[in-house]
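**Q** okay, predicted coordinates and the sequence, questions at the end:
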Amino acid sequence: MVRVVILSDNKVIALRPQGLKAEWGFSALVDDVLFDTGQTGVAFDNLLLLNLPMPKKIVLSHGHYDHTGGLLHFLREGVEIYAHPDAFLPRFYKGEYIGIPFRKERLEDKAKIVEHTEPLEIKKGVWALGEVPREFETALLKDSFVIREGVKERDEIRDDQSLAVKTENGVLLVLGCCHSGLRNTVKWAEEVVGDEVRFVVGGTHLISFKPEEIREIVRKLDLELIAPCHCTGLKAEFVLKEIFGERFKMVGSGSVLDV
């Protein structure tokens, strides 16, 4: 059994314990691996409130501020950070800085950074998926760019990766924002792990798609559970609820899922 605890999300739906916080951001503890860190200290505060252990491995889905801003709160001696090299690039959206709010050198003083573009099994049965091959639609941002070696270029968000966990009943796929596209990410996870994706949790970025497009995107997904949040958008969540019925679960900060 794998336990997923949502530490940071746009909403709180859990009634207990009192004091859980929400923010525009995402973070989840997947057993003892931290996937993203939220925008501020909300994920850390919720971790303490829920009396959960400090993680030793942190995987960053990509270099946007709402997934990396809480990083410093979790840094301790011996902590490892897994990320695509592009996660540390300066990046902008409509002229506003939206990248990781810390210089890489500052993080290296406090943790070991493991950069990777290929899938990496960070512990037995748990993969940081690296760059996702893109065959189907993606969920990129218009008017967004990065600075690479002093040169401005369109931001393809190549650093977008997800976490795939092999369970007895199929693959658990935990998404940050899924800018690489849901269908692309599911297909890649299945190739890497060698099993079917049966559980999906996290930000799907379906917020930018029309209902008929969402239905086409998820048409072939054979899931036991879908628990979308963060950048999915409430309208898209309602569409997914209509499609998946009882297999859909609304989640937010403090939610616990056992798969």
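**A** Done, it's in. It should be emphasised that the depicted structure is a prediction, and the values quoted were computed from it without experimental measurement.

**Q** burial measure for residue 31, as a count.
**A** Residues lying near residue 31 (other CB atoms under 10 Å) number 15. C-beta: built from backbone N, CA, C; applies to glycine.

**Q** where along the chain do the helices fall?
**A** Ranges of helices within the chain are 42-49, 65-68, 104-108, 182-193, 211-218, 234-244, based on DSSP state H.

**Q** what's the neighbour count on residue 8?
**A** For residue 8, the neighbour count with other CB under 10 Å is 33.

**Q** that one reaches residue 25, doesn't it?
**A** Yes. Using CB atoms under 8 Å, residue 8 is in contact with residue 25, at 4.7 Å.

**Q** between these two, what contacts are shared?
**A** Shared contacts of residue 8 and residue 25 (CB atoms under 8 Å, 6 or more residues apart in numbering): 36, 38-39, 42-43, 70.

**Q** farthest-separated two in those residues?
**A** 36 and 42 (11.6 Å; CB to CB).

**Q** dump the shared contacts of residue 8 and residue 25 to a markdown table, plus pLDDT, distance to residue 81 and neighbour count.
**A** Converted to a markdown table, these look like this (pLDDT from 0 to 100; distance: CB to CB, whole Å; neighbours: other CB atoms under 10 Å):
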| residue | pLDDT | distance to residue 81 | neighbour count |
| --- | --- | --- | --- |
| 36 | 98 | 11 | 32 |
| 38 | 98 | 15 | 31 |
| 39 | 98 | 17 | 21 |
| 42 | 98 | 19 | 25 |
| 43 | 98 | 15 | 31 |
| 70 | 98 | 13 | 27 |
